[in-house]
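> Return a 3D structure for these sequence lines:
(one chain, ligands or ions: 1)
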Amino acid sequence: MEEDCFATQLIYGDGEFNGDGLESFIKKVNLTDCGLSYAVVAVMGPQSSGKSTLLNHLFKTNFREMDAYSGRSQTTKGVWIAKCIGIEPCTIAMDLEGTDGRERGEEDTTFEKQSALFALAISDIVLINMWCHDIGREHAANKPLLKTVFQVMMRLFSPRKTTLLFVIRDKTKTPFELLEPILREDIQKIWDAVPKPHGHENTHLSEFFNVDVVALSSYEEKEEKFKEEVAQLRQRFMHSISPGGLAGDRRGVVPASGFSFSAQQIWKVIKENKDLDLPAHKVMVATVRCEEIAGEKFNQLTLDKGWLALEKAVERGPIPGFGKKLSSILERYLSEYDSETIYFDEGVRNVKRQQLESAALDFLYPAYAAMLGHLHSKALENFKTGLENSLKKGEGFAASVRACKEYCILEFDQGCADAFVQLAGWDASKIKEKLQRDIDAHASSVCSAQLSELIVNYEKQLSTALTEPIESLLESGGRNTWASIRKLLKRETEAALLEFSSAVAGFDLDEAKITAMEQKIRDYARNVVERKVREEAGKVLIRMKDRFLMVFNHDTDSIPRVWTGKEDIKTITKDARSASLKLLSVMAAIRLDEKPDKIEKILFSSLMDETVALPSSENRSVATSSDPLASSTWEEVPPKDTLITPVQCKSLWKQFKAETEYIVAQAISLQEAHRQNNNWLPPTWAIVAMIILGFNELMLLLRNPLYLIVLFVVYLLSRAIWVQLNVDGDFRHGTLAALLSVSSRFLPTVMNILRRLAEEAGVPPAPQAPQQSQSVVSQSFRNQTPQLNPMPNWISESSVSSNISSTDEGVEYSSPNLIHRRTTNIQEAGNST
Ligand SMILES: Nc1nc2c(ncn2[C@@H]2O[C@H](COP(=O)(O)OP(=O)(O)OP(=O)(O)O)[C@@H](O)[C@H]2O)c(=O)[nH]1
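Residues are numbered from 1 along each chain as shown. Got it, this is the predicted structure:
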C-alpha cells in the first residue's frame, strides 16, 4: 500500500498557525513516538523557483506545484508540511512561501523574514533554492534572502547548527567546481556584511551553519537528468541525523512529542516580534511537555485497575506484598514518564519527575497509612490476646508482657518490611512508636486492673478477718480489748501483706510502688478497724445496758439471779454500772497507736465516784465544781481517734442510768415481795390475843377429839384447795382479780379434790374435772407472765438475750431459753401439785 505524506498547511498566508492541523498531522505520521529520531527539512527561495517541484521529487511529497503553462504566479501560500516518503528516520518536509513574490509587494518582507526565522528555528536542514545564473551577480535574487537568513539567525542566540544546502537550479555548462567557490564567497560576503550582536562580531559562519552546495539540471529542459540528480540527492537525506549525515552535528533538537507545542510557541514569539531565545524556548517546551506528560501519567496512575483494586482491598485489611504491589504500579508510571520525557531537557524533566513522584506518593500514601493502621491494630490485638492467654496459663505478668510485646513488635516490623515502598521510603517508625505506646498503655491498664483486683481481694480478706473478731472483742470490752485489737490487726495485716508480696513479685514493680500498695492495704486494714469501732461506738448505749443486765442479773458464776432478799443490790448495781462504764471507756476512743490515755480514769472518777449504786436525791444533787467531762476532746487523744467525746460520755451515762434505774427498782420490789410472801403469819400481838381470847374454845377442842379430827380434816381440805387455787399467787396481783380468779376456780377445784378422795376410796372418777383444773392453772401462769414483765421497750428490743420471768421464789432475768425452761418447770410443778 502506498504511503501518504499527509501534506498539511502549517501556517496560513495571513500568519495564522494551524495548531489543530499540526496535531492531526503529528498523530497521522506517529511523530510523537519518534523521540529525537526525526528530522525537519525546509526549503526556501525565490517564488516559483521550483521549490515544491524539488521537494515532491526529492521526498515523494505532493506539495502543490505551479502549472508551467499557467504563468509564474505564486502557488505556495504560508508554510506547508508533509512527511517525506521512504526516508528514514521520519523526516518532515516544510515548503515555505517564496520570497520576493510580487503578490505581497516589494516592500512587504515581514512574512518572508518571519517564515525564514521559523524555518531556521525548527529545521535541521534548510534547502536554499537559487538560480544558477544568480551566482556571482551583484543583484541576484537570492542575496536578500541570504541576508534575511543571516540576520534572523542572530536573534536565535545559541542556535542549533543548521545545515544550509544551497541547491543551484538550472545548472549551466560552468563546471560545479568553479561555481561553488563563487557561491561560498558570496555567502561569506553576505555573512560579513550582517551586523552581529555584541560578543559575536568575529564569529565564523561555520559555528552557526554547515554549508553545502548541490547543483541540479533544469527540470523543464533536462527532466531525466534532473530526476537522476534528485535521486542521488535523496540518498543524502537517508539517515541524515546520523553522524556524518547531512544534519549529523545538529544541536538542541526538540523531542518529537514537544514538536507541536514548540512550533506553535516559536511562531507565536516570532509573530510578536520578540527575541527568540532557543535555549530558553527549549527549556520552556521541556517544562510544558514534561508537565503535561507528568499530569498524564498521574491521571493514568489514579485510574489504574491494579491500584483501584489494591486501594479497595486495603480498606478491608492488611494485604500481603503490599509494598511490592504498590511499588510496581508506581514504577510503571514513572518509567513511562521517563521514557516519554527522555529527550527533553534533563534538568526540567528531573524536576518534573520529582513533582510527579511526590504527587503520586502523596496520592498513594493514604493506602500505605491504612496498611500500617491494619498492622498496628493487628499487632495490638495480638498483644492483647497473647497477654490474656499467657496470664491465664499463670505466667508472670512482667514476663508475659515482655514476651508478647517482643513477638508483636517483631510481627509488626515484618509487616512494615512487607509494606515498605522502596521508592517512597515512607517511615513507619512513628506508627511503631505509637504501637509501643499503645502496648505499654494496655499493659499498664491490665497491670493496674490486676493489681486493683489483687488489692481488693486482700482487702476483702482483711475485712472478713477483722470485722467479726473486732465486734466480739468490743462486746467483751475489757482491759485488754485494744491490745487484742492491735494484735489482731497486726497479725492479719502482716499475713495479708506476706501473701500480697509474693503475688506482686511477678509484676516487676519498683520498690516505691510496692511500698505504696502495701501502705494502701495497711491503711485499709486500719480503716476496717476504725469503721467497725465507730459503728460499735454508735451502739454503745445498748451495749452498756446489755452489759449492765448481764452483770446485774447473773452472779459471778453466770447463773441467773433469783431475788430472794439476801442479795446486796447496791453492790451488784455498782458492779454492773462499773462494767458498763468500763465498756464506755473502751469505746470512747480508737487506740490503735498504743498511746496511753486517762479516759477510763476520768470516766470512773467523774461518773462512778460521784454516785453510789442506788440512785438517790442526795447523789443527784452532788455537783463538782470542776467537771473534767465538760469538754469535747480527750486529753492526749487526737480528734480523729475520738469516738465519744467527754460531753457525750456524760450524756450517755445520764441516759444509761435513767434507763437502768427501773431494773434496780424492780429488783428491790421483787425482793420486798418475796419477803412478804415468806412472812404470811399474823403479827405476834394478834396471835397472843387470839390465844387469850380463844382459850376456852381451844380447850373445848382439845377435850373433844372428834372436833379435833373434824377440824383437822377441814384444815387439810382448805389447805389443798388453797394450794390448788394458788391463792397466794393470785392475791399478789390484786384483790379483785384474785377473788374473781379464785371464785371461778373454786368449784372445779373442790370437785377435783372430792374426785381424788373418791378414787382413794375406790369410787369411779368423774370424767372431766381434773383436766379442766390443770389447764386453768397453766393458763393462769401464762396469764401472769405479761403482768410480770411490764418493762420498757428497750429491754425487750435490745436485750435479745435477756427476759424477765417470775417464779414463786422471786424474780430473775434470764434468756428466752431460761424463760421457756422456767415455764416448763412451773407447769410441771403445777401438774405435780
Ligand atoms: N526552469 C526551470 N523551471 C522549473 C524547474 N523546476 C520547476 N520548474 C517550473 O517552475 C514552475 C514553478 O514551479 P513550483 O515548483 O511551483 O515553484 P515554487 O518555487 O514552488 O513556486 P511557489 O511555490 O509559487 O513559490 C513550474 O512551472 C515548474 O515547471 C527547473 O528546474 N527549471
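> domains for the chain, by residue range?
Here the domain parsing of the chain from automatic domain parsing is 8-246+256-276, 277-426, 451-538, 540-677, 686-832.
> Report the buried residues of the helix or strand residue 747 falls within.
Using DSSP states H and E, residue 747 sits within helix 735-760. Within helix 735-760, the residues that qualify as buried are 738, 741, 742, 745, 748, 749, 750, 751, 752, 753, 755, counting by 16 or more other C-beta atoms under 10 Å. Glycine gets a C-beta too; all of them are placed from N, C-alpha and C.
> In contact with the residue nearest to the second one when sequence neighbours are not counted, which residues are there?
Setting aside the residues directly before and after it, residue 741 is nearest to residue 730 in space (C-beta to C-beta, 6 or more residues apart in numbering), at 4.8 Å. Taking C-beta atoms under 8 Å, 6 or more residues apart in numbering as the definition of contact, the neighbours of residue 730 are 737, 738, 741, 742, 780.
> do the same with residue 114
So residue 114 contacts 15, 270, 271 (C-beta under 8 Å, 6+ apart).
> switch to 10 Å and redo it
Taking C-beta atoms under 10 Å, 6 or more residues apart in numbering as the contact definition, residue 114 lies against 11, 15, 79, 148, 152, 267, 270, 271, 273.
> Kindly report the same for residue 410.
Taking C-beta under 10 Å, 6+ apart, one finds residue 379 in contact with residue 410.
> So which bits of the helix or strand where it lies are buried?
Using DSSP H and E, residue 410 maps to helix 397-419. Buried residues in helix 397-419, counting neighbours by 16+ other C-beta under 10 Å, are found at 397, 400, 401, 404, 405, 408, 409, 412, 415, 416, 418, 419.
> Could you check how far the first one is from the ligand?
In this structure, residue 397 lies at 97 Å from the ligand, with C-beta to the nearest ligand atom, to the nearest Å as the measure.
> I'd guessed that residue sits against residue 508; true?
Yes: if you go by C-beta atoms under 10 Å, residue 397 and residue 508 touch, sitting 7.5 Å apart.
> list the residues that contact both of those two?
The contact lists of residue 397 and residue 508 share residue 447, where a contact means C-beta under 10 Å, 6+ apart.
> Surely residue 137 is in contact with residue 131?
Yes: using C-beta under 10 Å, residue 137 is in contact with residue 131, at 9.4 Å.
> the more surrounded of the two?
residue 131 (20 against 13; other C-beta atoms under 10 Å).
> Can you tell me the closest non-neighbouring residue to the residue nearest in space to the middle of the chain?
For the chain, the residue nearest the mean C-alpha position is residue 438 (8.9 Å; C-alpha atoms, centre = their mean). Of all residues beyond its chain neighbours, the one nearest residue 438 is residue 380 (5.4 Å), with distances taken as C-beta to C-beta, 6+ apart.
> Stretch 19-34: which residues count as buried?
21, 22, 25, 26, 29, 31, 32, 34.
> Which one of the buried residues of helix 397-419 is nearest to the ligand?
residue 419 (66.1 Å; C-beta to the nearest ligand atom).
> In contact with the residue nearest to residue 438, which residues?
Residue 380 sits next to 408, 412, 434, 435, 438, 439, 441, 442 when contact means C-beta under 10 Å, 6+ apart.
> As TSV, those residues with distance to the ligand and secondary structure would be great.
Converted to TSV, these look like this (distance: C-beta to the nearest ligand atom, whole Å; DSSP: H, G, I helix; E, B strand; the rest coil):
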residue	distance to the ligand	secondary structure
408	82	helix
412	76	helix
434	76	helix
435	78	helix
438	81	helix
439	84	helix
441	86	helix
442	87	helix
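> count of residues packed around the residue in the stretch 601-750 of the chain that the ligand sits nearest to?
Closest contact between the stretch 601-750 of the chain and the ligand, by C-beta to the nearest ligand atom, is at residue 640 (120.1 Å). Applying other C-beta under 10 Å, we find 7 residues neighbouring residue 640.
> And the one 5 residues further on, by the same measure?
Other residues near residue 645 number 18, with proximity taken as other C-beta under 10 Å.
> That one: what's it in contact with?
588, 589, 629, 631, 632, 633, 634, 637, 639, 651.
> go with 6 Å
residue 632 (C-beta atoms under 6 Å, 6 or more residues apart in numbering).
> and the gap between the residue with the largest distance to the centre of the chain and residue 696?
For the chain, the residue at maximal distance from the C-alpha centroid (C-alpha atoms, centre = their mean) is residue 703, at 120.5 Å. For residue 703, the distance to residue 696 (C-beta to C-beta, to the nearest Å) stands at 11 Å.
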